[in-house]
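> Predicted model and sequence follow; I will ask about them next.
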Amino acid sequence: MSKKLSRRDFLKLAGVTSAGLALSACGVDATRLPDPTATPSLTPFPMSTNTPTLTPTPKPPTMGELARKLGFDIGFSLSLGYGSFYVPECQNFLINFSTVTDGMASHPNFTDVNHKEGFAYWRDLSDFAKKHNMSLDLNHFFWAFGYFKEGTASHYMVNASKDEVDAYMKDRVEKFFQIPYFTSANFVNEAIVNNPATLDYGWGEGYNPFYKFYGTNYPYECYKVAWNEALKTGREIGKDVHLIYNTASSEAKSPGADFEYRYLIGLKDKLRKELGIERPFDIGMQFHVTVIDREWRWNAKKFGYQTLLEHLKAIAEIGDVRITEFSIANTNDEQEQKDILHTIFEAFIDSKIGKSFMMWDPIGFALNGSVDSMQYLVDTSYKPMFMFDELYKILQSKS
């Protein structure tokens, strides 16, 4: 594992080299004078009639380039990459892809407590993504389910007044929009919670200051804050920046999925009529596949290629689809990992409606021993592993 660098160390790294010029004698004997009567013989150098043509070896396309030919971005989520991002090997691995995010760096514990460092890190990701023609997702503006629990930096907001909540929302979005370059962000995350074991579902009310004052209308309020800031900073939603409603569940044909689907149709219609934009937001979907007793469980239900294909097309009627989190858990079987990848990734590609495919943290959590990640995409030295090769083969076969 390469030594991790701090952000400051990384930015200071530079190398300047110089070349010395060497002088050599030409072997002339200074004790002998040339014969003045001698006629020099000038023999021309032979001219070759077969000048070789140098043809550069074509460089194979990156995974990101292959994906973009198919109409979508592919990448993964770092996890608190303060250390890993600044390792050169990590950056060399990143440029194989066309999009990147950090799945935890938008948490208030980092953006609120350590404001300067947190947003400096996002700006570094922004500069890197723009330089390498990559998309950048800022992750979550608002995640009521996770950002206001006890022990978090923003827990005090649970008991805040409506004016304080409104000010917090505007201030947070304003700070994110000061990042010079980004292409998308989740304006709300996991608003409706589904229990995969019991199939219970409902609004995430606990630790939710937004729900306290706005009820089920709070995703609309979150969207409007982001929309207004986009107008203020000269960004066009749907073109320069995409706002994403990120779901807590991607389960098909369940009561919770149907409930959320109908809610999203209503939210879309409300925003469309008010703002005059036909598709105001994209839909982010999470696929964390767990293997139990050799059965693939996508949340609580077994699924297959055709079911998933139909589900993706149905969701796309509301907004462009983005798989924001994809992981495989509870199996170390190489072929089983490949089979799961083929099922989900090929359905995503064949649906022809997806805009991005984001794998969940092949670096950070994997290094910490978690199996809830794409841990076989890259090893601890950032060397591609068998799942990287499998992804590339799928993209090649679809191109």
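Structure received. Residues are numbered from 1 along each chain as shown.
> and Ile179, how many neighbours?
16 (other Cβ atoms under 10 Å). Backbone N, C-alpha and C define where each C-beta goes, glycine included.
> Ignore what I typed, I meant Pro180.
Neighbours around Pro180, by other Cβ under 10 Å: 10.
> In contact with it, which residues are there?
Contacts for Pro180 (Cβ atoms under 8 Å, 6 or more residues apart in numbering) come out as 123, 126-127, 130.
> how does it look with 6 Å?
Ser126 (Cβ atoms under 6 Å, 6 or more residues apart in numbering).
> That one belongs to a strand?
No - looking at Pro180 with DSSP: H, G, I helix; E, B strand; the rest coil, it is coil, so not inside a strand.
> gap between Glu310 and Ser351?
9 Å (Cβ to Cβ, to the nearest Å).
> the more surrounded of those two?
Per other Cβ under 10 Å, whichever of Glu310 and Ser351 has more neighbours is Ser351, with 17 against 14.
> So for that one, what's the nearest residue that isn't a sequence neighbour?
Taking Cβ to Cβ, 6 or more residues apart in numbering, and ignoring the residues beside it in sequence, Ser351 has Leu312 as its nearest neighbour in space, at 4.3 Å.
> Also Lys352?
Gly71 (7.2 Å).
> Now do the same for that neighbour: helix, strand or coil?
Applying three-state DSSP: Gly71 is coil.
> So what does the closest residue to Ser106 other than its chain neighbours have for phi and psi?
Nearest non-adjacent residue to Ser106, counting by Cβ to Cβ, 6+ apart: Asn139, 4.1 Å away. The phi and psi values for Asn139, taken as degrees, to the nearest 10, are phi 70, psi -130.
> Could you list the buried residues of stretch 76-87?
Across stretch 76-87, burial judged by 16 or more other Cβ atoms under 10 Å covers 76-82, 84-87.
> Please flag which of those sit within strands.
Among the buried residues of stretch 76-87, DSSP state E puts 76-78 in strands.
> and of those residues, the nearest to Ser254?
Distance ranking of these against Ser254, using Cβ to Cβ, places Ser77 first at 25.4 Å.
> Once you drop chain neighbours, what's closest to that closest one?
In space, Ser77 is closest to Gly103, 3.8 Å off (Cβ to Cβ, 6+ apart).
> if I look at that neighbour, how far off is Ser327?
11 Å.
> can you check Tyr214 too?
Where Ser327 is concerned, Tyr214 sits at a distance of 32 Å (Cβ to Cβ).
> Between those two, which is the more surrounded one?
Neighbour count, other Cβ under 10 Å: between Tyr214 and Ser327, Ser327 has more, with 23 against 17.
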